[in-house]
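Enquirer: this one's sequence-less:
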């Protein structure tokens with residue numbers, strides 16, 4: 001085959017015969033086409049044989065090739081020469097350059113994976129094939145037949161076209177073969193097997209970088225699988241992807257989606273360098289999909305009392321209540337009687353958000369619209385949680401009838417009765 005080595009051999013008598021010139025012909029020996037070697041001091045092969053190792057050129061491809069050798073350095077009429085008794089065939093050849101010994105790793109769904117080859121001589125169009133079984137002779141599946149283009153050939157590993165790719169999670173027994181379409185004996189294949197593995201793609205945007213999530217909230221994580229991955233693990237990172245030590249869930253059926261709320265929602269992993277990873281349970285170090293960027297998790301404070309239907313009375317004791325998701329630390333609690341800024345009354349300068357309650361006495365906030373009362377909680381560290389606000393609620397003045405109350409008389413018609421009460425505020429009206 002063109003591109004391969006041919007050991008041309010001859011015997012010489014005497015052994016000190018001298019240098020020779022080597023030719024090849026393509027017409028049975030009539031015309032000496034080209035010089036293989038000139039002024040050649042032949043290499044010894046042992047047993048009286050000498051010769052020359054010829055790298056067969058593309059131009060030598062033919063069905064009527066002969067080798068001709070002739071002695072150099074003597075008169076023409078005295079020259080000693082010899083020619084092959086029979087003509088032989090030199091075929092075109094093909095060399096698979098890549099993937100050959102490189103052992104790449106490709107993924108199901110990859111586009112334009114390059115298959116490099118070199119044609120030796122006029123071999124016409126070629127077939128490109130692959131196998132998943134590691135063999136060299138059988139089990140090859142056509143990628144493309146009768147390919148007339150140049151190297152490289154670009155292969156799209158589409159599992160809808162090459163259906164056995166759809167069953168792969170990780171296959172390390174892949175080979176590529178290239179061969180002449182009109183003469184399948186002219187072929188070459190990958191020296192070493194290589195790998196095709198399944199792929200995880202298209203992580204949902206809500207966890208793929210950017211935005212803020214809140215501890216305890218539900219979140220849907222979705223992804224796409226190319227190939228076959230039976231079960232997956234879900235992990236999260238709090239250091240920007242350096243490590244993924246946070247466990248969301250493990251060894252779950254790969255349906256392409258997961259509801260974070262089924263395991264308690266967004267975890268108490270407050271920070272701004274959070275990422276998510278979906279990985280194969282069987283090949284966690286090889287097949288994975290991670291967030292492209294960081295997102296933020298914050299704690300969350302939600303007031304539970306008073307609410308919008310609550311009416312409080314001036315001077316009464318009050319227990320302010322809230323829920324706290326996440327470790328937030330301390331916060332300041334303030335009160336507004338105008339439904340918003342300014343929150344000019346401080347309830348508590350630094351309370352523990354994890355205590356969930358704060359005792360207070362309902363203030364005098366009576367004005368023209370005494371339903372515009374509101375609390376505001378301001379975390380000491382706003383990177384851990386955002387400010388929280390209660391619903392608007394009402395505060396009314398408080399009247400307490402003190403006489404007659406427990407004393408019921410008797411009282412006489414025509415006499416005076418001093419009716420008494422207390423009012424809070426004193427300027428009740």
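Expert: Arrived safely. Just so it is clear, the structure is predicted and the values come from calculations on it, not from any experiment. Residues are numbered from 1 along each chain as shown.
Enquirer: Dead centre of the chain: give me the residue that sits there.
Expert: Nearest residue to the geometric centre of the chain (C-alpha atoms, centre = their mean): residue 289, 3.1 Å.
Enquirer: gap between that one and residue 328?
Expert: According to C-beta to C-beta, to the nearest Å, residue 289 stands 31 Å off from residue 328. To be clear about C-beta, it is placed using only N, CA and C from the backbone, and glycine gets the same treatment.
Enquirer: Check residue 148 too.
Expert: Relative to residue 328, residue 148 is positioned 68 Å away (C-beta to C-beta).
Enquirer: next one: residue 109
Expert: Separation of residue 109 from residue 328 (C-beta to C-beta): 43 Å.
Enquirer: For these two, indicate the residue with more neighbours.
Expert: The residue with more neighbours, out of residue 109 and residue 328, is residue 328; 25 against 18, by other C-beta atoms under 10 Å.
Enquirer: part of a helix, is the more buried one?
Expert: No - under DSSP: H, G, I helix; E, B strand; the rest coil, residue 328 sits outside any helix and is assigned coil.
Enquirer: Does it touch residue 322 like I think?
Expert: No - contact criterion C-beta atoms under 8 Å: residue 328 and residue 322 do not qualify, at 10.8 Å.
Enquirer: Mind listing the shared neighbours of those two?
Expert: Common neighbours of residue 328 and residue 322, counting by C-beta atoms under 8 Å, 6 or more residues apart in numbering, are 301, 353.
Enquirer: from what I can see residue 117 touches residue 179, true?
Expert: No - taking contacts as C-beta under 8 Å, residue 117 lies outside contact range of residue 179: 10.0 Å.
Enquirer: Mutual contacts of the two, please.
Expert: Listed as contacting both residue 117 and residue 179 by C-beta under 8 Å, 6+ apart are 94, 126, 188.
Enquirer: Per-residue pLDDT of the closest residue to the last one other than its chain neighbours, please?
Expert: Right, the one you point to is residue 188. In this structure, residue 188 finds its nearest non-sequential neighbour in residue 96, 4.3 Å apart by C-beta to C-beta, 6 or more residues apart in numbering. In this model, residue 96 is scored at 97, pLDDT.
Enquirer: likewise residue 428?
Expert: 65.
Enquirer: quick one: the residue nearest to the centre of the chain and residue 277, what's the gap?
Expert: Relative to residue 277, and taking C-beta to C-beta, residue 289 is found at 7 Å.
Enquirer: Ok, residue 306 next?
Expert: Taking C-beta to C-beta, one finds residue 306 at 43 Å from residue 277.
Enquirer: and if you look at residue 197?
Expert: 16 Å.
Enquirer: try residue 341
Expert: 43 Å.
Enquirer: swap in residue 141?
Expert: Residue 141 sits 33 Å away from residue 277, going by C-beta to C-beta.
Enquirer: Please look at residue 417 and residue 404 and confirm they touch.
Expert: Yes - counting by C-beta under 8 Å, residue 417 touches residue 404, with 7.2 Å between them.
Enquirer: For residue 230, list the residues it contacts.
Expert: Applying C-beta under 8 Å, 6+ apart to residue 230 gives the contacts 169, 253, 254, 281, 282.
Enquirer: Can you report how many residues neighbour the first one?
Expert: Yep, that's residue 169 we're talking about. 17.
Enquirer: give me phi/psi at the nearest residue to it once chain neighbours are set aside?
Expert: In this structure, residue 169 finds its nearest non-sequential neighbour in residue 198, 5.0 Å apart by C-beta to C-beta, 6+ apart. Residue 198 has phi and psi values of phi -60, psi 160 when expressed as degrees, to the nearest 10.
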